[in-house]
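Chemist: no sequence on this one, just coordinates:
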Ligand code: NAI
């Protein structure tokens with residue numbers, strides 16, 4: 001099934017269809033473009049031309065290449081004109097019956113060898129194919145917005161999609177300079193499913209008054225995410241984000257893991273969609289003053305008590321180097337089952353999924369540290385019965401070690417550990433259920449939503465035992481189904 005250089009029909013000349021048309025024409029295909037709305041296809045070509053003009057200015061493409069690409073695009077006014085194409089890519093509105101009707105109509109036009117691809121972002125590919133004479137030739141080809149810039153393509157196979165068809169779309173995507181990943185048709189496919197906890201956990205933390213949204217965003221960005229969850233929801237649009245969450249939740253038969261948040265619904269109901277409406281979680285008006293992050297002035301460290309560095313690994317090595325540099329005397333307990341510092345009777349431990357208070361009055365906790373950017377906002381919490389001296393000393397230790405400590409309510413898993421553990425957990429379930437491979441989930445999350453690492457890369461750097469402790473801690477605290485660990489994760493702990 002050779003698709004390279006073959007003529008293509010793109011249906012729907014909106015945001016996605018115009019991007020797909022551009023990429024296909026640039027890859028050398030003759031592209032027929034059809035939109036039922038009068039003038040929409042010509043508008044899309046104008047948009048592509050404007051985009052090319054700016055790329056020529058920036059010397060990213062030549063004027064000749066741009067002209068050649070444009071000349072390969074032809075607007076058609078009836079589907080019958082597309083009878084000789086080898087591939088149809090549909091990017092019309094997201095409604096099952098409309099998509100089904102279109103593909104059924106197309107079967108009467110194109111050759112039986114023609115592949116039919118849908119850019120659906122949420123509808124079951126199996127369901128779209130229902131009723132076709134040749135359901136095996138229908139496949140999902142899920143691009144991300146903006147199509148020319150986003151590398152990922154989820155190649156989604158429904159129950160009846162033939163493996164040759166999936167592979168042909170995979171190969172074509174590669175030829176277009178994209179990074180395709182195979183996915184089984186299940187709700188949210190890969191990216192829109194695995195990403196759900198990124199928003200859901202932030203919303204739950206905010207709802208439970210664990211921390212301000214700016215604190216949550218700052219901590220998440222400190223481990224390499226380009227945007228915090230609240231900034232991102234405001235950018236995507238709370239209406240869109242809420243509707244994706246709701247559709248995944250419904251599609252999974254109301255599994256509480258995917259439950260939408262009333263915090264976000266309230267924003268949607270109030271028209272507070274985010275950037276596009278001027279206000280969402282944050283205020284985007286000209287006069288907006290979004291509250292700054294709390295500042296922290298470190299106290300002098302009390303060095304009278306013996307200092308013991310616990311555990312092993314990258315953080316412990318960094319901290320021990322720092323202590324040497326600062327001339328702080330310490331001993332090490334590398335056999336300890338926790339990471340952090342013991343100062344006299346007090347402890348500053350990395351979270352393992354329990355609250356600080358559950359250890360007693362002497363414990364403060366700090367969040368998972370995944371990387372060391374210049375300005376690292378680090379969430380910490382402390383036992384409700386801790387002495388006031390430890391309440392000022394614990395964050396001062398973090399500050400002297402180079403972090404900007406942000407105090408949050410004493411809840412299990414803090415901010416980063418809880419979020420990343422839940423992302424890993426969802427990825428583990430996705431792989432465990434045969435939706436995609438581990439490598440595909442890593443690529444999908446890196447390229448589809450710009451995560452700094454893939455979920456299985458985080459897992460390799462952390463450990464399944466560590467992730468499981470966070471999940472079990474959350475499960476124990478909240479009860480219910482939401483924090484149940486993936487069976488794959490439990491299996492992996494046996495090989496840790
Ligand atoms: P859009 O609203 O910008 O464009 C849709 C176009 O399809 C419109 O120009 C409309 O006139 C045309 N159209 C509607 N029904 C038609 C029909 N029966 N025959 C011919 N043309 C028809 O929508 P957008 O955002 O481009 O989305 C298109 C598809 O891509 C949807 O299935 C959507 O879920 C999916 N998608 C959207 C993404 C996004 O970020 N916007 C990302 C990935 C997938």
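Modeler: Received it, and whenever you're ready, just let me know what you need. As the structure is a computational prediction, the values presented were derived from the model and not from experiment. Numbering: from 1, shown residues only.

Chemist: so what's the residue count around the closest residue to residue 432 other than its chain neighbours?
Modeler: Setting aside the residues directly before and after it, residue 432 is nearest to residue 488 in space (Cβ to Cβ, 6 or more residues apart in numbering), at 3.9 Å. Every C-beta, even on glycine, is put in place using the N, C-alpha and C of the backbone. Neighbour count of residue 488, defined by other Cβ atoms under 10 Å: 17.

Chemist: what's the pLDDT at the one residue in the stretch 1-150 of the chain that gets nearest to the ligand?
Modeler: When scored by Cβ to the nearest ligand atom, the stretch 1-150 of the chain has residue 14 as its residue closest to the ligand, at 1.8 Å. With respect to pLDDT, residue 14 scores 95.

Chemist: ok, now residue 21?
Modeler: Taking residue 21 on its own, its pLDDT is 98.

Chemist: now swap in residue 392 and tell me
Modeler: On pLDDT, residue 392 comes in at 95.

Chemist: just the element for it, please.
Modeler: Here residue 392, judged by DSSP states H and E, is contained in helix 388-400.

Chemist: from residue 131, how far off is the residue nearest to the spatial centre of the chain?
Modeler: Taking Cα atoms, centre = their mean, the centroid of the chain lies closest to residue 195, which sits 3.9 Å from it. Per Cβ to Cβ, to the nearest Å, residue 195 is found 31 Å from residue 131.

Chemist: what's the answer for residue 38, then?
Modeler: According to Cβ to Cβ, residue 38 stands 29 Å off from residue 131.

Chemist: for residue 461, same thing?
Modeler: From residue 461 to residue 131 the distance is 47 Å (Cβ to Cβ).

Chemist: now swap in residue 193 and tell me
Modeler: For residue 193 relative to residue 131 (Cβ to Cβ), the value is 26 Å.

Chemist: enumerate the residues of the stretch 51-200 of the chain near the ligand.
Modeler: For the stretch 51-200 of the chain, the contact set with the ligand under Cβ under 6 Å from any ligand atom comprises 91-94, 98, 102, 119-121, 143-145.

Chemist: filter those residues down to the buried ones, ChimeraX style.
Modeler: Buried subset of those, written as a ChimeraX selection, criterion 16 or more other Cβ atoms under 10 Å:
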select :91,92,102,119,120,121,143,144
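
Chemist: residues near residue 123, how many?
Modeler: Residue 123 has 20 neighbours, counted by other Cβ under 10 Å.

Chemist: show me the contacts for it.
Modeler: Residue 123 makes contact with 94, 96, 99, according to Cβ atoms under 8 Å, 6 or more residues apart in numbering.

Chemist: go ahead and confirm the first one touches residue 122.
Modeler: Yes: if you go by Cβ atoms under 8 Å, residue 94 and residue 122 touch, sitting 6.5 Å apart.

Chemist: how many other residues sit next to whatever residue of the stretch 351-496 of the chain ends up closest to the ligand?
Modeler: In the stretch 351-496 of the chain, no residue comes nearer to the ligand than residue 448, which is 9.8 Å away by Cβ to the nearest ligand atom. Neighbour count of residue 448, defined by other Cβ under 10 Å: 24.

Chemist: can you check residue 117 too?
Modeler: 28.

Chemist: can I assume it sits in a strand?
Modeler: Yes: assessed with DSSP: H, G, I helix; E, B strand; the rest coil, residue 117 lies in a strand.

Chemist: I'd say it and residue 89 touch.
Modeler: Yes: between residue 117 and residue 89 a contact is recorded at 4.8 Å, counting by Cβ under 8 Å.

Chemist: any shared contact partners between those two?
Modeler: Residues touching both residue 117 and residue 89 by Cβ under 8 Å, 6+ apart: residue 141.

Chemist: on that earlier part again, more neighbours: residue 38 and residue 131, which one.
Modeler: residue 131 (12 against 8).

Chemist: which element is that one on?
Modeler: Taking DSSP H and E as the definition, one finds residue 131 inside no helix or strand.
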